[in-house]
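**Student:** With the input below, show me the fold.
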Amino acid sequence: MNEFDFDIPIVINARVEQFVECFQTTFRERFVTWLARSQKYVPLMKNLFRDHGLPEDLVYIAFIESGFDPYAYSRSKASGPWQFIYRTGRKYGLKVNWWVDERRDPEKSTHAAAKYLKDLYERFECWYLAAAGYNAGEYKIINAMKRYRTVDFWKLAEYRYLKRETKNYVPQMIAAVLIAKDPERYGFTDVEYEKPLRYEKVRVPELTGLSLVAKACEASIEEIKDLNPELQRGVTPPNEDGYEIKIPLEKKDLFLKNFEALQSVEKFQFKTHSVKAGETLTGIARQYRVDLEPLLELNHLKRTSRVSKGMTLLVPLSKDEEIRPRVAKKNGRRKDQALTTPPKIFKKASVT
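**Tutor:** Predicted coordinates for the structure are as follows:
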């Protein structure tokens, strides 16, 4: 092995060899899937890590965290390729709400992971301890170091204090780096790699549907969703005009041309409704005179789903008619009060 092929320390011991063999045999099928997917994201992630002054080989931590899956979600509610929990994600600038989960965004979450790893390295001055801290939390590693009076990860792993997951984390990372950088050497010769992620960005108005973006790009809705996994509701978030969205590479001019033309025929199709105490999905659908099924589909709900006070729902609106929701009766008669016409949101997109 040429040490200059790696930019993080590589120790090959019995634990590392155990996981190399495990990835080659027991978990081979899963590892092939991860390898195939890795090539979609590794070039982007390496560039971002390089920009942050970090060793590029650290991107293979995402191998162990999620298999490079933007939609990975753990039992501890960690999300995205870098498996941020809500609190840590927010600390490093990732927005998570009903509309977006930026932990799923490969670019934004990689920036956050780079910042976190950089902070961990500044604390521990050792990439193995930094990686262990990424898994267990820095204070767990600090307490282990104090308890056993050592800064050697391999010695810490001999004691019971750290969980098995953390003890395995560093040797798994090293095994993943070894295989990913030379897969043929380890018998992975049948991998059908995904194409590297390539895109450009445009800014669009609030609540712009991904279906409209797809039409403007003359691309499939699946391709646009794949480029923007952080968008949880199929639309850009409200109250955020000029939201930056990703589109296929070399589609910018086509998008701008078509988007401007489409805005004259595509009208605002959604309204937000904040659920009040005692309201039901059926009642909300009746209030806005819409069928229940599209309301459920738009919000990824089932007929048996319950809504709670303060929840925000998207309500599908007619393209051509003003919606006049039913209101309570007054003096024995039901009065209709016109819903304020939603503002026209499909303004001209700007480019970044």
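**Student:** so where's this structure uncertain?
**Tutor:** 1-4, 264-269, 318-352 (pLDDT under 70).
**Student:** Report the distance from the longest helix along it to the chain centre.
**Tutor:** When the chain is parsed with DSSP state H, its longest helix is helix 28-51. Mean-position distance between helix 28-51 and its chain equals 15 Å (Cα atoms, centre = their mean, to the nearest Å).
**Student:** who does that helix touch, helix- and strand-wise?
**Tutor:** helix 61-66, helix 106-124, helix 164-181 (3 or more Cβ pairs under 8 Å, 6 or more residues apart in numbering; DSSP states H and E). In short, each C-beta sits where N, CA and C put it, glycine included.
**Student:** hmm, 10 Å instead?
**Tutor:** Other helices and strands packing on helix 28-51, by 3 or more Cβ pairs under 10 Å, 6 or more residues apart in numbering; DSSP states H and E, are helix 14-24, helix 61-66, helix 106-124, helix 164-181.
**Student:** dump the residue contacts of residue 56.
**Tutor:** Shown in contact with residue 56 (Cβ atoms under 10 Å, 6 or more residues apart in numbering): 6, 7, 8, 42, 45, 46, 47, 48, 49, 50.
**Student:** Buried ones among those residues?
**Tutor:** 6, 7, 8, 42, 45, 46, 48, 49 (16 or more other Cβ atoms under 10 Å).
**Student:** mind putting those residues in JSON lines, distance to residue 56 included?
**Tutor:** Output for these, formatted as JSON lines (distance: Cβ to Cβ, whole Å):
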{"residue": "6", "distance to residue 56": "10"}
{"residue": "7", "distance to residue 56": "6"}
{"residue": "8", "distance to residue 56": "9"}
{"residue": "42", "distance to residue 56": "9"}
{"residue": "45", "distance to residue 56": "8"}
{"residue": "46", "distance to residue 56": "4"}
{"residue": "48", "distance to residue 56": "10"}
{"residue": "49", "distance to residue 56": "5"}
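**Student:** Determine which two of those are furthest apart.
**Tutor:** 6 and 48 (18.7 Å; Cβ to Cβ).
**Student:** re the thing from before, just the C-alpha atoms of the longest helix of the chain, please, in PDB.
**Tutor:** Extracted in PDB, the C-alpha atoms of helix 28-51 (Å, rounded to 0.1, in the frame of the first residue of the first chain):
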ATOM      1  CA  ARG A  28     -21.200  -7.500   0.000                       C
ATOM      2  CA  GLU A  29     -24.600  -6.800  -1.700                       C
ATOM      3  CA  ARG A  30     -25.200  -3.800   0.400                       C
ATOM      4  CA  PHE A  31     -21.700  -2.500   0.000                       C
ATOM      5  CA  VAL A  32     -22.000  -2.800  -3.800                       C
ATOM      6  CA  THR A  33     -25.100  -0.600  -3.600                       C
ATOM      7  CA  TRP A  34     -23.200   1.900  -1.600                       C
ATOM      8  CA  LEU A  35     -20.200   1.900  -3.900                       C
ATOM      9  CA  ALA A  36     -22.500   2.400  -6.900                       C
ATOM     10  CA  ARG A  37     -24.200   5.400  -5.200                       C
ATOM     11  CA  SER A  38     -21.000   6.800  -3.800                       C
ATOM     12  CA  GLN A  39     -19.800   8.000  -7.200                       C
ATOM     13  CA  LYS A  40     -22.800  10.200  -7.600                       C
ATOM     14  CA  TYR A  41     -21.800  12.200  -4.500                       C
ATOM     15  CA  VAL A  42     -18.100  11.700  -3.800                       C
ATOM     16  CA  PRO A  43     -16.700  14.200  -6.400                       C
ATOM     17  CA  LEU A  44     -19.000  17.000  -5.000                       C
ATOM     18  CA  MET A  45     -18.200  16.100  -1.400                       C
ATOM     19  CA  LYS A  46     -14.400  16.000  -2.000                       C
ATOM     20  CA  ASN A  47     -14.500  19.400  -3.700                       C
ATOM     21  CA  LEU A  48     -16.400  20.800  -0.700                       C
ATOM     22  CA  PHE A  49     -14.100  19.200   1.900                       C
ATOM     23  CA  ARG A  50     -11.100  20.600  -0.100                       C
ATOM     24  CA  ASP A  51     -12.600  24.000   0.100                       C
END
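**Student:** Please identify the buried residues of that helix?
**Tutor:** For helix 28-51, by 16+ other Cβ under 10 Å, it's 31-32, 34-42, 44-46, 48-49.
**Student:** Can you pick out the most distant pair from the residues you listed?
**Tutor:** 32 and 48 (25.3 Å).
**Student:** Excluding covalently adjacent residues, which one is nearest to residue 72?
**Tutor:** Nearest non-adjacent residue to residue 72, counting by Cβ to Cβ, 6 or more residues apart in numbering: residue 66, 3.7 Å away.
**Student:** er, residue 282 I mean
**Tutor:** Leaving out its chain neighbours, the residue that sits closest to residue 282 by Cβ to Cβ, 6+ apart is residue 292, at 6.1 Å.
**Student:** Number of residues surrounding the one you found?
**Tutor:** For residue 292, the neighbour count with other Cβ atoms under 10 Å is 14.
**Student:** now residue 163
**Tutor:** 12.
**Student:** residue contacts, it?
**Tutor:** Residue 163 neighbours (Cβ under 10 Å, 6+ apart): 135, 136, 140, 169.
**Student:** switch the cut-off to 7 Å
**Tutor:** residue 136 (Cβ atoms under 7 Å, 6 or more residues apart in numbering).
**Student:** cool, the one 10 residues further on as well?
**Tutor:** Counting by Cβ under 7 Å, 6+ apart, residue 173 makes contact with 60, 61, 64, 131.
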